[in-house]
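[1] 3D model of this:
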Amino acid sequence: MIKIRAIFLGKNKPYVIKSLTHLIETGFTVTIVVCESNVNHKNCDLCKKANELGIIHCSDNELYSIISKQDSKNQKLIKNIDVVISYLFWKKIKKSLITLPKIGCINFHPAPLPDFRGFSPYTFGILQNSSFWGVSAHFVDEEFDTGNLIKTSKFLINPKNETSFSLEQKSQKRLYFLFKEIVEILFNSKKLESIPQSNGQYFSKKDFEENREIVLEDSNEDIDKKIRAYWYPPFEGAYIKIKEKKLFIINKRILELLK
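    Just a heads-up that it's a prediction; the model follows:
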C-alpha cells in the first residue's frame with residue numbers, strides 16, 4: 001500500500017505529540033513537522049518526538065522558504081504531499097501551503113464551528129453561557145477557521161461550572177478521538193466529505209483582552225463568569241484595576257478545585 005505523505009503542524013502539547021505518533025503508527029509518511037518558532041527546539045517535546053521518529057522539524061517560516069525554493073536542498077520533502085495537517089497550530093496558514101497538498105490542508109480546532117472561531121474559544125463559550133461544546137475538523141482556507149467543515153463532534157457542558165482550563169481538558173481528549181477518526185477515513189480512502197460553513201462568530205486576541213477586566217458595573221454572575229472564563233494557569237486571569245494596578249482574581253470554586 002502506498003503511504004500517504006503528510007506535513008504536520010502543531011503546538012508543543014501532549015495530545016499533539018500523541019497525534020503525530022498516531023499518524024506514523026497508522027502508516028502515514030510525515031516529511032516535515034512544523035513546531036512553535038518561538039520555542040527553543042531543545043526544550044520542545046514535539047521537536048524531540050520528531051527527532052525520535054527521524055522527521056525533520058522546522059518553523060513555519062522555514063517551511064515557506066522551502067516551498068518558495070529559497071531553500072533548495074529540502075525540495076524533496078514537499079514533493080507529492082497528499083495532506084497538510086494542522087493540529088492546534090495557532091498561526092494563519094499561507095496560500096502556498098494550503099494549495100500544496102493533493103487532498104487538502106486540514107485543521108483540528110478545539111471548539112464547535114462555526115459557533116466559536118478564532119482565539120481562545122473556551123473563554124467565549126463560558127462568557128456566553130454555552131450549554132454545549134464541541135471539536136471540529138475542517139479544510140483550511142485563507143481565513144481563520146472558515147473553510148469547509150468535515151465534522152464537528154458536540155457534547156453538553158454545564159456553563160456554570162466550567163473554566164477555560166477544564167473545558168480545554170475535555171476538548172483535547174475529544175479532539176484526539178476526532179483526529180483518529182478522520183485519519184482512519186483518510187488512510188482508507190484518501191477522500192473526505194465536507195460542507196461549507198454557515199455564518200458564525202470569530203473572536204480575536206483584542207476581544208479576549210477587552211473582556212478580561214472586571215468593572216464595578218458587572219453583576220455577581222458576570223464576575224464569576226469572567227473569573228472562570230480566564231482561569232487557565234499559569235497565565236494571568238481576570239482582573240480588577242485599583243489605582244491603575246491590575247489585581248488578578250480567583251473565586252471559591254476554583255480554590256476548591258485546587259485542593
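
[2] residues in contact with the residue nearest the centre of the chain?
    Nearest to the mean C-alpha position of the chain, counting by C-alpha atoms, centre = their mean, stands L88 at 2.3 Å. By C-beta atoms under 8 Å, 6 or more residues apart in numbering, the contact set of L88 is G10, K11, K13, Y15, V16, F108, P110. C-beta coordinates here come from the backbone N, C-alpha and C atoms, glycine included.

[3] show me where the stretch 101-250 of the chain has its helices.
    Here the stretch 101-250 of the chain has its helices, by DSSP state H, counting those that start in this stretch, at 121-127, 164-189, 205-210, 220-229.

[4] state the mean pLDDT of the third one.
    The average pLDDT for helix 205-210 rounds to 96.

[5] not counting its neighbours along the chain, what's nearest K151?
    Leaving aside its chain neighbours, K151 sits nearest to A137 (5.3 Å; criterion: C-beta to C-beta, 6 or more residues apart in numbering).

[6] re the thing from before, make CSV out of the helices of the stretch 101-250 of the chain and add distance to I55 and mean neighbour count.
    Shown next, in CSV, are the helices of the stretch 101-250 of the chain (distance: least, C-beta to C-beta, whole Å; neighbours: other C-beta atoms under 10 Å):
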stretch, distance to I55, mean neighbour count
helix 121-127, 29, 25
helix 164-189, 16, 17
helix 205-210, 31, 12
helix 220-229, 37, 19
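
[7] in this structure, which spans are strands?
    Ranges of strands in the chain, per DSSP state E, are 5-10, 29-34, 56-58, 83-87, 104-109, 117-118, 132-139, 149-156, 202-203, 239-242, 245-248.

[8] closest one to K48 among those?
    For the strands of the chain, the distance to K48 is smallest for strand 56-58, at 9.2 Å, taking C-beta to C-beta.

[9] direction included, what does the closest one pair up with?
    Strand pairing for strand 56-58, determined by DSSP bridges: strand 29-34 (parallel).

[10] what's the angle from the strand it pairs with to strand 83-87?
    If you take axes from the mean of the first three to the mean of the last three C-alpha atoms, to 10 degrees, strand 29-34 sits at 40 degrees to strand 83-87.
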